[in-house]
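Can you look at this prediction? I've put the sequence above it.
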Amino acid sequence: MQSHNVISILKFASNLDRINRQDKDKDKDKDNGVASNRVQQREIQGPVDGNTNMGSSNVEISQKLTHELISQDTKTEVFRWSDRSVDETKVHGLDDKVKSLQRLLVPNNDDSGFRAIGIVGMRGIGKTTLCQVIFKKQEVKNHFLPRIWVCLSKQPKDDLDNKKETVKRMLECLGVEESVIKSADNNHGLEGLLFALRLQLLGKRYLIILDDVWCKDDHDMEFYSLLDRDENCCKKLAYGLPKGCGGTVIVTSRAEELAKKIVGEDKLHRLLPILDPESCWKIFKDSAEEGDIKLSIGLENLKVKIIEKCYGLPLLAKMMGKIASENLRERTVVPQSQQQS
């Protein structure tokens, strides 16, 4: 049975190789005179000066692999949703980033200034997980009240006005009754919703995580822009976030330009792929061994190959582990016909 398990993992790895080769062939067709895109990078430890090439084939391949794995795993459209819950024992490779972000959130001095922090990076890099871990830290709990987690991922029943939907979700997370939210919307529209949000947060040292922020157009981008400055405009999100009591907002987004507009370029931090191969292996193993599944000894021989295919992306390692687990589970189920014989 063990050999069957290894064969199934090898088949899985070969599928990744196929995707990899296809993407490399596509990249060759695009390389004739096309310059690589460059974007500013800032790790969570702090801003980093200079430019770093993020248009490499490895990064593009990792993004496409992630999309491919998600497509294989879900045959119908799935609307992403996140919450504050996380199993910290299964979080690997983020320790230094968690400590750095915690130092930003809980300063040694009694700072009452408003903070807006942006965390950006490609899909599956660990933006949400990082915020989930920091959200549960006792020092953060002691420092902020209230603390709310607001997932802004698109949902099928969203308000057609993305700006209103954002504020409504924030009010819901603050415990405001649905009837009050509807009344504010019906009677005063966006301005009424923002005023209700402002009243809820006035005089409080709040922490708000806005996870997976996106926008449809320039009007949405303008609504989110400059959280720490534009408090006077009653039609912008900044109006609903009173300043002067140490309130903090953390924004996660795959859209770097949007995040820059929201928090300012100097407050923008980029998450990079995990460099420690053992962290990727641990993520893969945790995912593969969920339930009663145990990895075979032969799988260790594929460790280096699997780590290479992760490209430092936690989500990719997790998805690979999940697929490996399903393959292993299928191999361990004895067919009914064999049981009867």
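Right, received. Where do you want to start? Numbers count the residues shown, from 1 in each chain.

Starting from Gly244, give me the distance back to Lys137.
Between Lys137 and Gly244 the computed distance is 24 Å (CB to CB, to the nearest Å). Just so you know, the C-beta spots here come from the backbone N, C-alpha and C atoms, and that holds for glycine as well.

Who has more neighbours out of these two?
A direct count of neighbours by other CB atoms under 10 Å for Lys137 and Gly244 places Lys137 higher, at 17 against 12.

Just the pLDDT at the residue nearest to the more buried one when sequence neighbours are not counted, thanks.
The spatially closest residue to Lys137, leaving aside those adjacent along the chain, is Gln102, at 5.9 Å (CB to CB, 6 or more residues apart in numbering). Turning to Gln102, the model gives it a pLDDT of 93.

Helix, strand, or coil at Gln102?
Using DSSP: H, G, I helix; E, B strand; the rest coil as the criterion, the local structure at Gln102 reads helix.

quick thing: my sequence starts at 10, can you match it?
Taking 10 as the first residue, the last one we looked at is Gln111.

Tally up the residues packed near it, please.
Around Gln111 sit 15 other residues, with neighbours defined as other CB under 10 Å.

my guess is it meets Lys150, correct?
No: applying CB atoms under 8 Å, one finds Gln111 not in contact with Lys150, separated by 11.5 Å.

Check the contact between Phe92 and Cys160; I expect there is one.
Small correction: residue 92 is Asp, not Phe. Yes: using CB under 8 Å, Asp92 is in contact with Cys160, at 6.7 Å.

show me what contacts the residue nearest to Lys146?
Shown here is Gln111, whose contacts under the criterion CB atoms under 8 Å, 6 or more residues apart in numbering are 143, 146, 148-149.

out of those, who's nearest Ile292?
Within the contacts of Gln111, proximity to Ile292 (CB to CB) peaks at Ile143, which comes in at 18.4 Å.

State the number of residues packed around that closest one.
As a burial measure, the neighbour count of Ile143 was computed by other CB under 10 Å and equals 24.

in the stretch 10-159 of the chain, which ranges drop under the pLDDT threshold?
Of all residues in the stretch 10-159 of the chain, those with pLDDT under 70 make up the ranges 10-88.

80 - rerun?
Residues of the stretch 10-159 of the chain that meet the criterion pLDDT under 80 lie in 10-92, 117-121.

Which of Asp92 and Cys160 has more residues huddled nearby?
Cys160 (18 against 12).

May I have the predicted confidence score for that one?
pLDDT at Cys160 comes out at 92.

Return the residues in contact with it.
The neighbours of Cys160, taking CB under 8 Å, 6+ apart as the test, are 89-92, 178, 220-221.

From Asp167, how far off is it?
Using CB to CB, one obtains 12 Å as the distance from Cys160 to Asp167.

again, but for Arg238
Distance from Arg238 to Asp167, counting by CB to CB: 28 Å.

Which other helices and strands does the one helix or strand Ala326 maps to contact?
Taking DSSP states H and E as the criterion, Ala326 maps to helix 323-341. Applying 3 or more CB pairs under 8 Å, 6 or more residues apart in numbering; DSSP states H and E, one finds that helix 323-341 makes contact with helix 11-39, helix 66-82, helix 286-297, helix 312-319.

pLDDT of it, averaged?
Taken as a whole, helix 323-341 has an average pLDDT of 83.

next one: that helix to chain centre, how far?
With CA atoms, centre = their mean, to the nearest Å as the basis, the distance from the averaged C-alpha position of helix 323-341 to the chain average is 21 Å.

Repeat that for stretch 169-176.
The chain centroid and the centroid of stretch 169-176 are separated by 20 Å under CA atoms, centre = their mean.

And the contacts of it?
Stretch 169-176 is contacted from outside by 159, 161, 167-168, 194, 198-199, 202-203, 206, 219, 224-225, 228-229, 232, 246, 249, using CB under 8 Å, 6+ apart.

Now do the helices in the chain.
11-39, 66-82, 104-114, 136-145, 147-152, 171-182, 187-210, 227-233, 265-272, 286-297, 312-319, 323-341, 345-349 (DSSP state H).

so what's Leu103 up against?
Here Leu103 is in contact with 135, 138-139, 142 (CB under 8 Å, 6+ apart).

ok, so what distance separates it from Lys331?
Counting by CB to CB, the gap from Leu103 to Lys331 is 20 Å.

sorry, back to before: let's see if you can find the most crowded of the contacts of Cys160.
For these, neighbours were counted by other CB under 10 Å; the highest total belongs to Asp220, with 23 neighbours.

partners of that one in the sheet?
Asp220 forms beta bridges with Cys160, as assigned by DSSP bridges.

my read: it touches Phe144, true?
No: taking contact to mean CB under 8 Å, the distance of 10.0 Å between Asp220 and Phe144 leaves them out of contact.

Give the intersection of the neighbour lists for the two.
In the contact map built from CB under 8 Å, 6+ apart, the residues linked to both Asp220 and Phe144 are Trp158.

The nearest residue to Leu216 once chain neighbours are set aside: neighbour count?
Once its chain neighbours are removed from consideration, Leu216 has its nearest residue in Phe153; the separation is 3.8 Å (CB to CB, 6+ apart). For Phe153, the tally of surrounding residues (other CB under 10 Å) stands at 20.
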